[in-house]
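K.L.:
show me how the following folds:
(chains A and B)
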Amino acid sequence: MNDRTTTASAEPGDDVTVAGWAHEIRDLGGIAFLIVRDKTGKIQVKFEKDAMDDELVETGTEVARESVVSVTGAVEEEERAPTGVEIVPDSVEVIAPADPELPLDPSGKVDAELPTRLDNRTLDLRREEAKAIFEIRAEVLRSAREAFRELGSTEITTPKIVATGTEGGTELFPITYFGQEAFMNQSPQLFKQLMVGSGLERVFEIGPIFRAEEHNTPRHLNEATSIDFESAFIDHEEAMDACEQVVRAAYEGVAANCADQLDTLGYDDFEVPDEAFPRLTYEEAIERINATGELDTQLVWGDDLPTEGEKALGTDVGGHYFVTDWPSEIKPFYIKDYDDETELSTGFDLMAPNMELVSGGQREHRYDQLVEGFEAQGLDPEAFDYYTKMFRYGMPPHAGWAIGGERLVMTMLDLPNIREAVLFPRDRQRLSP
RNA sequence: GCCCGGGUGGUGUAGUGGCCCAUCAUAUCACCCUGUCACGGUGAUGACGCGGGUUCAAAUCCCGCCUCGGGCGCCA
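P.N.:
Okay, the predicted model is just below:
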């Protein structure tokens, strides 16, 4: 395949071999066109029936759509061709024929519903729009990694098979580990904290997390990609600065490197957020939600923000924003409370703007307070000994956060369903493919 | 976990008790067509998720099952 030329790089005057999929055949009688599609685009192959070998014409014009073909011939400039060039073939080979009845139409003439598309993801990703989402997703991850390196963090990977959950409460997928009870990890939280106490100090991880909640919404997955950051010697304010930097880098990377993909998806007005993300306290947030009048009942201090309230506030603010200073009781035990106001947590969320995108905070690094926190949440500190004991050997003050990777792509591209941002989503109903 | 809504040819749809041996588009098959670019024309094949019930009559109403989507809770 070394001699293969991509459709985009075929220049007039060249003798080339292109390989790709039979996108469409237009047979006009005496002349017929085969459109070959590859990763880089499409090119037209011309068959003038009277002037060409019958077998060549037959192979090229009777091949089933979506079959893999290889075409060798001369590239000619032709203004009537869709791309300005076309191939006059010397030979056509059908490398892998496709069944004539396709489970969905990659040419996009007829829409398919999401479940049909997910059942046939390979064919779905032959469509430019679906392909563009995953090229953008790759750019988001690339630019996030670059931003993390600029922040001086080291990329780590932590175990996904664990003996105990992170936060208790949350549903975990149980598995059997050589006869022992184990779980799929819901978050790298505890492990990344252990690493800020190591010589690495500042770390990030991009990896899968597993949640066994039986929710069924367009914004939840049971297997998601978490973009985690944790650093020694920073507080929650500095953690928010870092978070903003990484989110912004992802937008900048996409704006700079994915113009074609954005165009394919119809975004002619893709914008990198230009202002610093506003930081609202929890108290300000519930006041503003109450002021919108969108909710039937008024929120009071201590309530978690209901979905409806998040949407109302998101519309009110109109962009990304942080919510800070939460009541301690609705944030997990490993988040530190303010020293002078122990009923207030340093935990924060980043809203994007209608959905929670990030959660983070300054962590409790003091051994005694951490163990108290476990007990207060009804967890047995003994079960987390591998974690707590390291807080006895010099654990620095630290803070961090986690971005929902798919939610970042979803909110960035305004996708109607988070499953659009995962190749093979795992949700309540779907375990295959 | 609680609550709502949907399943009609390969794909996407019309259809609200008789006008339905089921509409339209696209795909597929056959024939015609020398510049298509959503090519065009003629014809053909192909479907009511499964099971039970109500009724003279069921795609349509009822019950159960399967399956999919969504809302809330919770969360990334």
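
K.L.:
what are the boundaries of the strands in the stretch 151-300 of chain A?
P.N.:
Assigned by DSSP state E, counting those that start in this stretch, the stretch 151-300 of chain A shows strands spanning A:154-155, A:161-162, A:174-177, A:180-184, A:202-210, A:223-232, A:279-281.

K.L.:
same question for the stretch 301-433 of chain A.
P.N.:
Assigned by DSSP E, counting those that start in this stretch, the stretch 301-433 of chain A shows strands spanning A:321-324, A:348-351, A:356-362, A:398-404.

K.L.:
poorly predicted segments of the stretch 51-200 of chain A, please.
P.N.:
Where the stretch 51-200 of chain A drops to pLDDT under 70, the residues are A:165-170.

K.L.:
returning to that earlier point: how about the strands of the stretch 301-433 of chain A in a markdown table, adding mean neighbour count and distance to residue A:226?
P.N.:
Every residue, glycine included, has its C-beta placed from N, CA and C. What follows is these, written out as a markdown table (neighbours: other C-beta atoms under 10 Å; distance: least, C-beta to C-beta, whole Å):
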| stretch | mean neighbour count | distance to residue A:226 |
| --- | --- | --- |
| strand A:321-324 | 22 | 19 |
| strand A:348-351 | 24 | 14 |
| strand A:356-362 | 22 | 10 |
| strand A:398-404 | 25 | 5 |
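
K.L.:
any chance of those strands in TSV, plus mean pLDDT?
P.N.:
Listed next are the strands of the stretch 301-433 of chain A as TSV, based on pLDDT from 0 to 100:
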stretch	mean pLDDT
strand A:321-324	95
strand A:348-351	94
strand A:356-362	94
strand A:398-404	96
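
K.L.:
between those, which gets nearest to residue A:152?
P.N.:
strand A:398-404 (13.9 Å; C-beta to C-beta).

K.L.:
name the residues that touch that closest one?
P.N.:
A:144, A:187-189, A:192-193, A:196-197, A:224-236, A:238-240, A:242-243, A:246-247, A:346, A:348, A:350, A:356-363, A:365 (C-beta atoms under 8 Å, 6 or more residues apart in numbering).

K.L.:
near RNA strand B, which of those residues show up?
P.N.:
When contact is defined as C-beta under 7 Å from any atom of the strand, the contacts of strand A:398-404 meet RNA strand B at A:187, A:224, A:226, A:356, A:357, A:358, A:359.

K.L.:
report the two of those residues separated the most.
P.N.:
Across these (C-beta to C-beta), the longest gap, 15.3 Å, separates A:187 and A:357.

K.L.:
just the buried residues of the contacts of strand A:398-404.
P.N.:
The neighbour-count criterion (16 or more other C-beta atoms under 10 Å) marks A:144, A:187-189, A:192-193, A:196-197, A:224-232, A:234, A:236, A:239-240, A:242-243, A:246-247, A:346, A:348, A:350, A:356-363, A:365 among those as buried.

K.L.:
check the secondary structure at the residue of chain A positioned farthest from its centre for me.
P.N.:
For chain A, the residue at maximal distance from the C-alpha centroid (C-alpha atoms, centre = their mean) is residue A:50, at 51.7 Å. Following DSSP: H, G, I helix; E, B strand; the rest coil, the label given to residue A:50 is helix.

K.L.:
which residue packs closest to it, ignoring adjacent ones?
P.N.:
Nearest non-adjacent residue to residue A:50, counting by C-beta to C-beta, 6 or more residues apart in numbering: residue A:30, 6.4 Å away.

K.L.:
which residue, other than its chain neighbours, is closest to residue A:401?
P.N.:
If the residues on either side of it in the chain are set aside, residue A:401 comes closest to residue A:360, at 2.5 Å by C-beta to C-beta, 6+ apart.

K.L.:
so who does residue A:205 touch?
P.N.:
Counting by C-beta under 8 Å, 6+ apart, residue A:205 makes contact with A:155, A:156, A:157, A:158, A:188, A:192, A:226, A:227, A:228.

K.L.:
could you do residue A:298 as well?
P.N.:
residue A:290.

K.L.:
ditto for the one 5 residues further on
P.N.:
With contact set as C-beta under 8 Å, 6+ apart, residue A:303 has these partners: residue A:286.

K.L.:
how close does it sit to residue A:213?
P.N.:
21 Å (C-beta to C-beta, to the nearest Å).

K.L.:
got the residue ranges for the helices in the stretch 151-300 of chain A?
P.N.:
A:189-196, A:236-257, A:259-264, A:282-292 (DSSP state H, counting those that start in this stretch).

K.L.:
deepest in the core, which of these is it.
P.N.:
helix A:189-196 (a mean of 22; mean count of other C-beta atoms under 10 Å).

K.L.:
other SSEs contacting it?
P.N.:
Judged by 3 or more C-beta pairs under 8 Å, 6 or more residues apart in numbering; DSSP states H and E, the packing partners of helix A:189-196 are strand A:202-210, strand A:223-232, helix A:385-388, strand A:398-404.
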